[in-house]
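# Okay, here's the prediction I keep looking at, along with the sequence it came from:
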Amino acid sequence: MKKLFLLILFMISITSLIKSPSAYAHTNNSEGYSHIEVNGNNLDYELKLDLTELGHSMKKEMYEQQLFDTKAVQDYINSHINLYADSVKVDGAIETSDVETIDGRQFAVIDLNYELKEKPEKLVLDYNVFLDDSDPSHANYATIKLDGKQQEAVLSYESRELEIGEVTFVQSTKQFLLLGLEHIFTGYDHILFVISLLFGAKSIRNIFSLVTAFTIAHSITLALATLDIVQLPSRLVESAIALSIIYVALINIFNPNSKHQSWLAFVFGLIHGFGFAGILSEMRLDGSHLATSLLSFNIGIEIGQLIIVSVVFPILLWLKKLTFKPIKWVIPGFSVAILAFGLVWFIERAF
């Protein structure tokens with residue numbers, strides 16, 4: 001009992017020293033969104049960038065009421081986003097700007113217009129926003145429409161250039177699969193929830209039922225949210241995800257020998273699915289690409305979950321087989337730490 005008490009104090013101390021847990025929910029990297037559409041000899045570009053990160057990169061203060069110096073932002077964009085129409089570089093002009101809140105963060109929404117001499121046969125986008133200035137881990141989720149066709153891409157430090165019309169089905173599938181993997185491994189709240197479920201798993205069969213229920217549930221709401229059939233406020237979803245972590249952690253603390261039921265994983269999986277859908281919803285996928293992109297993204301999430309299960313559960317089994325049974329205080333002890341994260345996440349998201 002004394003060991004358990006000391007472990008709990010240690011976990012709480014470590015938790016209090018860690019940077020605010022909200023930074024660990026989903027992803028601590030900056031994100032951007034690009035929606036590009038060619039209409040005749042005009043190209044419309046809606047660019048969404050993290051407002052704070054944009055200020056850091058430009059070394060300027062960004063405010064919601066006094067958005068920004070349009071000329072300075074326009075110069076920054078034209079020097080960091082190179083657009084070539086049939087090999088000729090064109091610069092964009094800002095038409096409107098606004099601020100939008102996405103998943104609790106403020107984004108600058110910048111509408112640019114590019115005037116082209118004629119409708120291009122080929123477009124090349126060279127994207128360098130934030131990547132060299134402030135955040136190499138930045139990623140921009142791009143959707144491009146040209147000649148009635150739409151394609152999607154993820155622009156990152158390793159993949160900055162996009163030749164429109166060049167991305168193949170295999171490349172697109174690979175991108176969304178990796179995007180799903182990244183989303184689960186940077187979604188620390190989802191990881192802690194899955195680990196909490198494993199604490200209450202008593203057998204391989206039990207794990208299979210829990211993972212299957214969670215997968216089916218979050219796949220349903222992921223599809224519903226991406227298709228824009230059901231939409232819930234981001235604050236509500238994020239707060240509910242934090243509550244799911246708190247609930248399961250409390251069970252693990254006060255009843256460490258309990259067996260988690262599949263209905264529990266299913267109910268909370270429905271909530272987590274809305275959390276997974278944020279990026280895909282912002283990309284505005286069309287019908288021809290929706291099915292494959294959604295499937296690839298979901299497969300990436302499932303692979304990530306299986307990796308977590310295959311690492312954590314064998315460790316739990318090994319601890320249970322040890323003579324002095326450390327599992328009796330490991331599960332409650334780590335559950336206290338998980339509970340602490342869940343509580344702070346809930347307070348920050350709900351209030």
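Right, received. Where do you want to start? Fair warning: this is a prediction, and the values are worked out from it, not measured in the lab.
# Okay, and the beta partners of residue 146?
Assessed by DSSP bridges, residue 146 has beta-bridge partners residue 149.
# who's in contact with residue 180?
296, 297, 298, 299, 300, 301, 302, 303, 304 (C-beta atoms under 8 Å, 6 or more residues apart in numbering). C-beta coordinates here come from the backbone N, C-alpha and C atoms, glycine included.
# Residue 330 now?
residue 319.
# Check residue 339 too.
Contacts of residue 339 (C-beta under 8 Å, 6+ apart): 245, 246, 249, 250, 253.
# what about it, distance to residue 32?
Distance of residue 339 to residue 32, computed by C-beta to C-beta, to the nearest Å: 34 Å.
# Confirm for me that residue 43 is in contact with residue 83.
Yes: counting by C-beta atoms under 8 Å, residue 83 is a contact partner of residue 43 at 7.4 Å.
# what touches both of the two?
With C-beta under 8 Å, 6+ apart as the test, residue 43 and residue 83 both reach 90, 92, 114, 123.
# and residue 39, how many neighbours?
10 (other C-beta atoms under 10 Å).
# ignore the last one, residue 87
A count of nearby residues for residue 87, using other C-beta under 10 Å, gives 8.
# Can you tell me how far residue 296 is from residue 154?
Distance from residue 296 to residue 154, by C-beta to C-beta: 12 Å.
# any shared contact partners between the two?
The contact sets of residue 296 and residue 154 overlap at residue 175 (C-beta under 8 Å, 6+ apart).
# picking up where we left off before, from the shared contacts of residue 43 and residue 83, which ones fall inside strands?
90, 114, 123 (DSSP state E).
# Could I get the buried residue list for the helix or strand harbouring residue 330?
Per DSSP states H and E, residue 330 falls inside helix 327-350. Within helix 327-350, the residues scored as buried using 16 or more other C-beta atoms under 10 Å are 327, 329-346, 348-349.
# next one: stretch 305-315
305, 308, 309, 312, 313.
# Would you mind measuring from the nearest residue to residue 125 once chain neighbours are set aside to residue 240?
Of all residues not flanking residue 125 in the chain, residue 162 sits nearest, at 4.6 Å (C-beta to C-beta, 6 or more residues apart in numbering). Residue 162 sits 36 Å away from residue 240, taking C-beta to C-beta as the criterion.
# Compare neighbour counts for these two and give me the winner.
residue 162 (23 against 19).
# per-residue pLDDT, that one?
In this model, residue 162 is scored at 84, pLDDT.
# what's the answer for residue 230, then?
Value for residue 230, per-residue pLDDT: 90.
# now it, nearest residue through space, not along the chain?
In space, residue 230 comes closest to residue 224 once its chain neighbours are excluded; the distance is 4.3 Å by C-beta to C-beta, 6+ apart.
# picking up where we left off before, mind checking how far the residue nearest to residue 125 is from residue 138?
For residue 162 relative to residue 138 (C-beta to C-beta), the value is 15 Å.
# Equivalent analysis for residue 132, please.
10 Å.
# Compare these two (neighbour count), which wins?
residue 138 (24 against 13).
# For this protein, just list every one of the strands.
Using DSSP E, strands in the chain cover 31-39, 42-50, 81-85, 88-90, 93-102, 105-115, 123-127, 139-146, 149-155, 161-164.
# Please compute how far the third one lies from its chain's middle.
Between the centre of strand 81-85 and the centre of its chain there are 27 Å (C-alpha atoms, centre = their mean, to the nearest Å).
# And the fourth one, by the same measure?
Once both centres are worked out by C-alpha atoms, centre = their mean, strand 88-90 turns out to sit 33 Å from its chain's centre.
# what's it packed up against?
strand 81-85 (3 or more C-beta pairs under 8 Å, 6 or more residues apart in numbering; DSSP states H and E).
# Could you rerun that using 10 Å?
Under the contact criterion of 3 or more C-beta pairs under 10 Å, 6 or more residues apart in numbering; DSSP states H and E, strand 88-90 touches strand 81-85, strand 123-127.
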